[in-house]
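Asks: here is the input, now give the coordinates:
(2 chains)
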Number of protein chains: 2
Amino acid sequence: MRRFVILGHEAHTVPDFSLDDLPGTSGRIDVLTRCIASAFLVSHGIRKDVELYLVHSGPGRPPRTIRMVGFELRHLNPDERSTAALILKALESESLVETRSTPGIYVSGSGFEQVLQSVQGPFVLLKDDGADIRNVALPEDASFVLSDHLDFNDEEMSALLTLDPLIISVGPRTLHTSQCITLVHNELDRREKDL
Amino acid sequence: MRRFVILGHEAHTVPDFSLDDLPGTSGRIDVLTRCIASAFLVSHGIRKDVELYLVHSGPGRPPRTIRMVGFELRHLNPDERSTAALILKALESESLVETRSTPGIYVSGSGFEQVLQSVQGPFVLLKDDGADIRNVALPEDASFVLSDHLDFNDEEMSALLTLDPLIISVGPRTLHTSQCITLVHNELDRREKDL
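Replies: From the prediction side, this is the model:
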């Protein structure tokens, strides 16, 4: 299982945004929709062995966490708008206890630290000054932790560092979160093939 | 300069599609918007050294080619809708001769073979059974040629093969075109850093 945890610092926690203007009205849920596509989609198919946590910490009733499970997902389209519509639907739930929204998509009142505590380690943190992903031994069943378009703040980074994560970089340029996910998958695909 | 040529087999050639339903109304221009984002965007910036050709071969007045130039682009946002709006604007031009639409975006009546003839080689073709990108010498100033969600047909492939392209693969899984672009950039970023 490949697990990704993405922190959406300003991602809205109620379904109050417009699909016609995601960047302007949703706290950058468009960034999260691109992470969903990178995490799950390959050509003409879905990666079954992926679990994705989207931690929404923005306006509404924070925090809300959307959990997506590859082997349960149906009909995930690659375009941002239809994916954002699935998030909108999930955020209609007000339950703090995890509730199923649509097939493969669950929502709860968990926040970032709760998610980190509940998912299984070992943890891998992506940072510009980390060790090159091509040169490190990646733990099996790792949880990869990434931020959205904003950096982790000091408090979030402290919570992360107490988990003793492996700190890696995907390359010499600082990229979008969704691009980093594509690069992590590619490295893992190559290693699985070589097993 | 990094150059990408993407063939949009069914991508509309007139501005007749809806931004509210790109997958359903545009001939999958949503696929092309994701290629644009992968080709040009890094975290908080634009790759200046990229030129992208989007060859639209779908309904309307085919063919139309949109050429985007990194060092001239202004305000390219990462979301699909605003990028599709730039394409919509470019397709308003009926000129066969290349015309500027918005900063860094040009449109003409060129088709796939014309674009291949006009861009400088050497050419690199991405295919599942190609040589591993990590193990090949990549020519300088190469033009990377990719298809959208549909494979090249026999005629297109014949035109490509007469150019004697280097044929490479980015990894063991068949991925979306935009994901392939991210992986090509990463490999080139790493090699430039090591120069």
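Asks: make it CA atoms for all contacts and neighbour counts henceforth
Replies: OK.
Asks: point out the other helices and strands that the top strand by length along chain A packs with.
Replies: For chain A, the strand with the greatest residue count under DSSP state E is strand A:123-132. Contacts defined by 3 or more Cα pairs under 8 Å, 6 or more residues apart in numbering or on different chains; DSSP states H and E place strand A:123-132 against strand A:143-147, strand A:166-169.
Asks: try 10 Å this time
Replies: Counting contacts by 3 or more Cα pairs under 10 Å, 6 or more residues apart in numbering or on different chains; DSSP states H and E, strand A:123-132 is packed against strand A:2-8, strand A:143-147, helix A:154-161, strand A:166-169, helix A:177-194.
Asks: buried set for it?
Replies: A:123-127, A:131 (16 or more other Cα atoms under 10 Å in any protein chain shown).
Asks: still on that earlier bit, now the helices and strands packed on strand A:123-132 in a markdown table, with distance to residue A:81?
Replies: Shown next, in a markdown table, are the helices and strands packed on strand A:123-132 (distance: least, Cα to Cα, whole Å):
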| stretch | distance to residue A:81 |
| --- | --- |
| strand A:2-8 | 17 |
| strand A:143-147 | 21 |
| helix A:154-161 | 29 |
| strand A:166-169 | 30 |
| helix A:177-194 | 16 |
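Asks: the ones you listed: which one's closest to chain B?
Replies: Closest approach to chain B among the helices and strands packed on strand A:123-132 is made by helix A:177-194 (6.3 Å; Cα to the nearest Cα).
Asks: still on that earlier bit, nearest to residue A:91, out of the helices and strands packed on strand A:123-132?
Replies: Closest of the helices and strands packed on strand A:123-132 to residue A:91 is strand A:2-8, at 13.8 Å (criterion: Cα to Cα).
Asks: and that closest one, anywhere near chain B?
Replies: No. Remark: strand A:2-8 sits outside contact range of chain B, by Cα under 10 Å from any Cα of the partner chain, the gap being at least 15.3 Å.
Asks: return the list of strands paired to that strand, each annotated with direction.
Replies: Next to strand A:2-8 in the sheet, as set by DSSP bridges, lie strand A:50-56 (parallel), strand A:143-147 (parallel).
Asks: could I get the ones you listed as a markdown table with mean pLDDT and mean neighbour count?
Replies: Listed next are the strands paired with strand A:2-8 as a markdown table, based on pLDDT from 0 to 100; neighbours: other Cα atoms under 10 Å in any protein chain shown:
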| stretch | mean pLDDT | mean neighbour count |
| --- | --- | --- |
| strand A:50-56 | 98 | 25 |
| strand A:143-147 | 98 | 22 |
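Asks: okay, now the closest residue to residue A:146 other than its chain neighbours: neighbour count?
Replies: In this structure, residue A:146 finds its nearest non-sequential neighbour in residue A:6, 4.9 Å apart by Cα to Cα, 6 or more residues apart in numbering or on different chains. By other Cα atoms under 10 Å in any protein chain shown, 22 other residues sit near residue A:6.
Asks: so residue A:6 is in contact with residue A:148, correct?
Replies: Yes. Using Cα atoms under 10 Å, residue A:6 is in contact with residue A:148, at 6.6 Å.
Asks: list residues touching both of those two?
Replies: When Cα atoms under 10 Å, 6 or more residues apart in numbering or on different chains defines a contact, the residues bordering residue A:6 and residue A:148 alike are A:32, A:35, A:54-55, A:177-178.
Asks: which members of the residues you listed are the farthest-apart pair?
Replies: Pairwise distances across these (Cα to Cα) peak at 15.0 Å, for the pair A:55 and A:178.
Asks: work out the gap between stretch A:124-135 and the centre of the chain.
Replies: 17 Å (Cα atoms, centre = their mean, to the nearest Å).
Asks: cool, stretch A:166-181 as well?
Replies: In terms of Cα atoms, centre = their mean, the centre of stretch A:166-181 is found 13 Å from the chain centre.
Asks: buried stuff in it?
Replies: Judged by neighbour count using 16+ other Cα under 10 Å, the buried positions of stretch A:166-181 are A:166-172, A:174-181.
Asks: how about it and chain B, any contact?
Replies: Yes. Applying Cα under 10 Å from any Cα, one finds stretch A:166-181 touching chain B at A:170-181.
Asks: quick one: end-to-end distance for that stretch.
Replies: Using Cα to Cα, to the nearest Å, the end-to-end distance of stretch A:166-181 comes to 16 Å.
Asks: average pLDDT for that stretch?
Replies: On average, the pLDDT along stretch A:166-181 is 98.
Asks: now stretch A:68-84
Replies: Computed over stretch A:68-84, the mean pLDDT rounds to 95.
Asks: so who does the closest residue to residue A:168 other than its chain neighbours touch?
Replies: Sequence neighbours aside, residue A:130 is the residue nearest to residue A:168 in space, at 3.9 Å (criterion: Cα to Cα, 6+ apart). By Cα under 10 Å, 6+ apart, the residues touching residue A:130 are A:166-171.
Asks: what's the answer for residue A:117, then?
Replies: Contacts for residue A:117 (Cα under 10 Å, 6+ apart) come out as A:159, A:163.
Asks: wait, which of the shared contacts of residue A:6 and residue A:148 is closest to residue A:103?
Replies: Looking across the shared contacts of residue A:6 and residue A:148 and measuring by Cα to Cα, the closest to residue A:103 is residue A:54, at 16.1 Å.
Asks: in a helix, residue A:115, correct?
Replies: Yes. Assignment of residue A:115 by DSSP: H, G, I helix; E, B strand; the rest coil places it within a helix.
Asks: and the longest strand of chain A, which strands flank it?
Replies: Strand A:123-132 has its sheet partners listed here by DSSP bridges as strand A:143-147 (parallel), strand A:166-169 (parallel).
Asks: export that strand as PDB, just CAs?
Replies: Output of strand A:123-132 as PDB, limited to C-alpha atoms (Å, rounded to 0.1, in the frame of the first residue of the first chain):
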ATOM      1  CA  PHE A 123       6.900   8.300   7.500                       C
ATOM      2  CA  VAL A 124       8.600   9.900   4.600                       C
ATOM      3  CA  LEU A 125       8.700  13.700   4.400                       C
ATOM      4  CA  LEU A 126       9.400  15.400   1.100                       C
ATOM      5  CA  LYS A 127      11.700  18.500   1.500                       C
ATOM      6  CA  ASP A 128      14.000  20.300  -0.900                       C
ATOM      7  CA  ASP A 129      17.000  19.500   1.100                       C
ATOM      8  CA  GLY A 130      16.200  15.900   1.700                       C
ATOM      9  CA  ALA A 131      18.200  12.900   0.500                       C
ATOM     10  CA  ASP A 132      17.700  12.100  -3.200                       C
END
